[in-house]
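Peer 1: Pasting the sequence and the predicted coordinates here, then a few questions.
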Amino acid sequence: MHSFHESGNLKCPFCNADRNKTVEEQVEDNMKRVEANDPPSICLLAYCCYKGLNGVQQDHVKAKELYVRAADLGFNKAHYHLGMLYHEGGNLKKARFHFEAAAMLGDELARNNLGSIEFESGNMERAVTHWTIGASGGDYLAMHKLKICFGKDYVSRVSIDSTLAAYNSSCAEMRSEARDSYIRFNLETM
């Protein structure tokens, strides 16, 4: 998206919408996609409801309803956010359910959180398994936790070496000049 914008295009490459819209116009466009049952748009509205962003009134109950709606449509980020809500509320059973659903749909951060839940429950073997899967998919936090586990002898040298190789390979696959340019742009504008 960044490289597309850098090229001077003012239209969204996905929906052909004008990128110079006001926040109100963007919210209106998102609402149209919500009405069409677009899971990412529903999840975005839920996030705005939860945080009270973009002129949307803060409403945690409505946010949860919207996350459930998007999760029912199979959107991994909705499951991830529901997992976070339940985890923060102390309901580890529901948190685990939604993190597992998100992880099965490819969300590596949810996989990392499953590892943390297992660690907190004292199940180190399952925690390491989740972190290994997450790290192999390129999740930095999972790799970091595995390095700590290696330092405490919870992970063997062979296991950490093979996971590190998978992590590096996954990260290399995600690299591109456009992504690096976007990262540099974000660092410069912070």
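Peer 2: Cool, the structure landed.

Peer 1: Quick check: the nearest residue to Leu141 once chain neighbours are set aside vs Val27, distance?
Peer 2: What sits nearest to Leu141 in space, not counting adjacent residues and going by Cβ to Cβ, 6 or more residues apart in numbering, is Asn112, at 4.9 Å. Backbone N, C-alpha and C define where each C-beta goes, glycine included. Distance of Asn112 to Val27, computed by Cβ to Cβ, to the nearest Å: 31 Å.

Peer 1: try Glu65
Peer 2: Computed as Cβ to Cβ, the Glu65 to Val27 distance reads 18 Å.

Peer 1: Those two: who's more crowded?
Peer 2: Higher neighbour count among Glu65 and Val27: Val27, with 17 against 14, using other Cβ atoms under 10 Å.

Peer 1: which phi and psi does Asn54 have?
Peer 2: phi 50, psi 40 (degrees, to the nearest 10).

Peer 1: Quick check, it in contact with Val27.
Peer 2: Yes. In this structure Asn54 lies within contact range of Val27 using Cβ atoms under 8 Å: 5.3 Å.

Peer 1: what touches both of these two?
Peer 2: Cys48 (Cβ atoms under 8 Å, 6 or more residues apart in numbering).

Peer 1: coming back round to it: neighbours of the residue nearest to Leu141, just the number please.
Peer 2: Neighbour count for Asn112, taken as other Cβ under 10 Å: 24.

Peer 1: Give me the three-state assignment for it.
Peer 2: Of the three states, Asn112 takes helix under DSSP: H, G, I helix; E, B strand; the rest coil.

Peer 1: That one and Lys145 touch, don't they?
Peer 2: Yes. The criterion here is Cβ under 8 Å, and Asn112 meets it with Lys145 at 7.3 Å.

Peer 1: Need the residues touching each of these two.
Peer 2: Trp131.

Peer 1: okay, now the residue lying closest to Ile160 once chain neighbours are set aside: neighbour count?
Peer 2: Nearest residue to Ile160, sequence neighbours excluded (Cβ to Cβ, 6+ apart): Phe150, at 4.5 Å. Counted with other Cβ under 10 Å, the neighbours of Phe150 add up to 18.

Peer 1: and Phe150, that's in a helix?
Peer 2: Yes. Under three-state DSSP, Phe150 sits within a helix.
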